[in-house]
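> I'd like to go over a predicted model; first the sequence, then the structure.
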Amino acid sequence: MNRFSISPTSIERWKMGFACGLMVAGALVLAAGCSSTPEPEDDEETVVETPDPSDAPEPDVEEEPDPIDDGPQAPAESVDIEADDDIDDVEIDSGDIDGDDEEGEQVASHVDARIESALSAADDGDINGAIDDLRDLVDEPEGGFVAAYNLGVIYDRQGASGEALQYYITALQRQPDFTPALVNVIRLYLRAGSFSDADEVARQFIELRPDNLDHQAAHLEVWLAQGRYEDAVQGARDILRKDVAHVEAMLRMATAKYRLRRYELAEAILERALQLSPERAEIFYLLGQVAWAQDNEDGARANFRQAIELQPRFPEARNNYATMLHDSGNYDRAIGHLKESLADAPHDADVHVNLGNSKKALGDYEEAEEYYRQALDIDDSHGQAHFNLGILYLEAEVPGYDTIERYEEAIRSFQAYRDAVGQQQASESPVASYINQATAAIEDEEDRQEALRRAQMDREEADDDDEDDDEEPESED
């Protein structure tokens, strides 16, 4: 466990605003409706096990949970941030960190107050002002690492990955025990597909702080992203043998069990974690995932809703809750939650796709198209965005296109989907049938237009004949 104690206020406000919701990650699910955080792959066999006592340990004395702030309530406005998004350009050098400095940097009360003031400015929409204020605090000897961390989160939420990584590393170099920064560094690399870099940085700081169990639990996220679920379970079990009440290890173990479709075990572990940390939004989020996977929609909705109540800035929980609202026909409410999610995750292509789906359901085809296009601006290989865009063009009268142009766009979108997901996966979807349908519709429209053209020509010829008949020849005297 961490060896330092600081005021949680200025850390947790932004920490919970970004990091906590990224705990569960995986591949997308093809659907014409909203997309959610995915269930495990279909080819894995469902296994029901009797919970192992070592999987959900019962300590003799329950610990009090750490206080958690709900974070800023007002969505951050868009900002003009010029930053290098290439995380490969950021060098991580822990060689200058004194590994013998067990305590690391502490936080002075006056620094904490100034950081809190900067975050309040961010709450009010003054993101650039918050950035300036936090930059002024980074070099403070007693708490500059917290300012650096919060700068990292702000840049991270704006999609400026290079700047975010630099500030997270700065926070870790100043306070090597500060696991929230390590978690976000790992997640940045995982989102970029750099598994080896994520693994390396985790091992680097674990070596610096071998007794920090939070660091070790953070490392398990790499194995989860790699699909090494049994290794993650074993790693979590090793941590729990050292600290039977280590909630972070429980969360990673529960995630692995969920991915393995061992839902009863996952639920038992999460229920135990909930006893230890009843205010942790992530626990309710994962309980919602487990309930949803077992077709317990009421339970899933209740848990997602509770996660949002505990942590309003939880984009994944809002996205999944919105998915359920969409599926039940509550499109307006779904859109409301999706827009809230988008405020905290503006570069999440899935949320844009889901907004497109709900707008399409309401008949707002032009806005639906715009959201799908925005998803593709973020990720031009987003298969679901291509697929749902193709469905939109195939089924709806999208403004700005004549009939043939619209069907041609549908074909292009379906072909782009096939390129994005690969031929094998595309063959398992109805995409080929949709392309044929759009092609046939184009031919029908061309035939219809040709028939109209011929009919018009026939009418014009008939009118000419009538005019000729009406002209009587002059009689000769």
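In hand now; what should we look at?
> C-alpha only now, for contacts and for neighbours.
OK.
> Show me what the lengthiest helix in the chain is packed against.
Longest helix of the chain, by residue count under DSSP state H: helix 431-470. Secondary-structure packing of helix 431-470 (3 or more CA pairs under 8 Å, 6 or more residues apart in numbering; DSSP states H and E): helix 383-395, helix 403-421.
> Now find how far off-centre that helix is within its chain.
From the chain centre to the centre of helix 431-470 is a distance of 48 Å (CA atoms, centre = their mean, to the nearest Å).
> looking only at pLDDT, what's the mean for that helix?
The average pLDDT for helix 431-470 rounds to 85.
> quick revisit: mean pLDDT, distance to residue 377 and mean neighbour count for the helices and strands packed on helix 431-470 - can I get that in TSV?
Shown next, in TSV, are the helices and strands packed on helix 431-470 (pLDDT from 0 to 100; distance: least, CA to CA, whole Å; neighbours: other CA atoms under 10 Å):
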stretch	mean pLDDT	distance to residue 377	mean neighbour count
helix 383-395	97	10	25
helix 403-421	96	14	20
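> Now distance to residue 350 too, for those, in CSV please.
Output for those, formatted as CSV (distance: least, CA to CA, whole Å):
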stretch, distance to residue 350
helix 383-395, 8
helix 403-421, 15
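> closest one to residue 444 among those?
Nearest to residue 444 among these is helix 403-421; the distance by CA to CA comes to 9.6 Å.
> Run through who's touching that closest one.
Here helix 403-421 makes contact (CA atoms under 8 Å, 6 or more residues apart in numbering) with 381-384, 386-387, 389-394, 398, 425-426, 431, 434-435, 438-439, 441-442, 445-446.
> That helix: what's the following helix or strand?
For helix 403-421, the succeeding helix or strand toward the C-terminus, using DSSP states H and E, is helix 423-427.
> and that following helix, what does it pack onto?
Here helix 423-427 touches helix 403-421, going by 3+ CA pairs under 8 Å, 6+ apart.
> how many degrees apart are the helix it packs on and helix 383-395 in direction?
160 degrees (axes from the mean of the first three to the mean of the last three CA atoms, to 10 degrees).
> what angle separates helix 403-421 from helix 431-470?
Orientation check (the same axes, to 10 degrees): helix 403-421 against helix 431-470 gives 170 degrees.
> distance of the residue nearest the centre of the chain from residue 437?
By CA atoms, centre = their mean, the chain has its centre lying nearest to residue 348, at 5.2 Å. To residue 437, residue 348 is 31 Å away according to CA to CA, to the nearest Å.
> picking that back up, where does the residue nearest to the centre of the chain fall, phi/psi-wise?
Residue 348 has phi and psi values of phi -90, psi 110 when expressed as degrees, to the nearest 10.
> count of neighbours near residue 426?
18 (other CA atoms under 10 Å).
> on that earlier part again, from residue 195, how far off is the residue nearest to the centre of the chain?
Distance of residue 348 to residue 195, given as CA to CA: 20 Å.
> same question, residue 356
In this view, residue 356 and residue 195 are 31 Å apart by CA to CA.
> repeat for residue 311
28 Å.
> between the two, which one's more packed in?
Using other CA under 10 Å, the more surrounded residue of residue 311 and residue 195 is residue 311, with 26 against 17.
> correct me, but that one touches residue 279?
No. Here residue 311 does not reach residue 279: they are 9.1 Å apart, not a contact under CA atoms under 8 Å.
> where does this structure have low pLDDT?
1-105, 463-477 (pLDDT under 70).
> Go again with 80.
1-106, 458, 460-477 (pLDDT under 80).
> can you tell me how far residue 436 sits from residue 409?
Residue 436 is 13 Å from residue 409, by CA to CA.
> Next: residue 112.
Relative to residue 409, residue 112 is positioned 54 Å away (CA to CA).
> now swap in residue 332 and tell me
27 Å.
> now swap in residue 217 and tell me
To residue 409, residue 217 is 47 Å away according to CA to CA.
> what do you get for residue 149?
Look at residue 149 and residue 409: by CA to CA, they are 44 Å apart.
> contact partners of stretch 442-456?
Contacts of stretch 442-456 (CA under 8 Å, 6+ apart): 403-404, 407-408.
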